[in-house]
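Enquirer: this is a predicted model, with the sequence first.
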Amino acid sequence: MEFKKEKVAEAVDALRKHLEVEASKKKSSLFDLDESINLVVALKKVPQQGRTKPFRLPLPNPIHTEDKEVCLFVKDPQRQYKDLLKEKNVDFIKKVVGVQKLREKYKAYEQKRALCSDFDFFLADDRVLPLLPRLIGKTFYDKKKYPIAVDMKKKDLAKELTRALEATYFHINNGNCSVVKAGRTVQTVEEVVANIDAIVSNLKRVVPEGWDNVQSLHIKTPESVSLPIYLSKPSSSS
């Protein structure tokens, strides 16, 4: 199955129609559900080594909206970065958490889980990113709420934080499958298709060994079945 935008549009439309049926059973609307539409990338060869920092992939139609809650992990002292955000007129960060506060206030599993569920997106000063797997625990990674690295030293800090939220991310781990957020159910079919097309264009650049190493692409929501939008041709030796 070749990658064609027409086939992607059919799959996105089928996914939305399935969700509309599920929503009607719950006497709600598709807008009430507002779930993420994910692109599942399966590789032929498992990378020999994972990559801590994900690839940032720009999107023509950002997934983040103003109604989403954003938390920022920073170096100590925490107050310095709260003041910096105020100085730079950044008002879309709802909570700032320093390393010391993470260690002291979010020790227990339940505290980490509550923090994870309270916010839709997590940004992190790139200087503290290596510390986070140990400090925040596996709950964040299981929920695919990977903290996104940002450069807090940037002169135009608002632009840096906005760019981080308006992109999506491709994580290379030790397995052969990765999940990339491609859109939301409240977006139009055209918007989601444009996002997936942009992601695929970038995957050809960043996937280890290139596009030939991509086995398949599927789209799904967190609770739906997976719909194929690309399957690589069998090799001549198979």
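Expert: That came through fine.

Enquirer: quick one: contacts for the most centrally placed residue in the chain?
Expert: Residue closest to the average C-alpha location in the chain (CA atoms, centre = their mean): K181, at 4.6 Å. Taking CB atoms under 8 Å, 6 or more residues apart in numbering, we find K181 in contact with 36-39, 63, 144, 168-169. Just so you know, the C-beta spots here come from the backbone N, C-alpha and C atoms, and that holds for glycine as well.

Enquirer: what is the nearest of those residues to L131?
Expert: Closest approach to L131 among these (CB to CB): Y169, at 18.9 Å.

Enquirer: now the closest one, what's its secondary structure?
Expert: Here Y169 takes the strand state, with states given by DSSP: H, G, I helix; E, B strand; the rest coil.

Enquirer: try the one 3 residues further on
Expert: In terms of secondary structure, I172 is coil; the call rests on three-state DSSP.

Enquirer: which one of the contacts of K181 sits closest to M1?
Expert: Here the nearest of these to M1, counting by CB to CB, is L39; it sits at 14.8 Å.

Enquirer: give me the number of residues near the closest one?
Expert: Each residue near L39 was counted by other CB atoms under 10 Å, and the total is 25.

Enquirer: residues contacting it?
Expert: For L39, the set of contacting residues under the criterion of CB under 8 Å, 6+ apart consists of 179-182, 196, 199, 217-219.

Enquirer: any idea of the pLDDT on it?
Expert: At L39, the pLDDT value in this model is 97.

Enquirer: could you do T65 as well?
Expert: On pLDDT, T65 comes in at 70.

Enquirer: one more: D120?
Expert: Among the per-residue scores, D120 holds a pLDDT of 89.

Enquirer: for the remainder of this discussion, apply numbering that starts at 5.
Expert: From this message on, residue numbering opens at 5, which makes the last subject D124.
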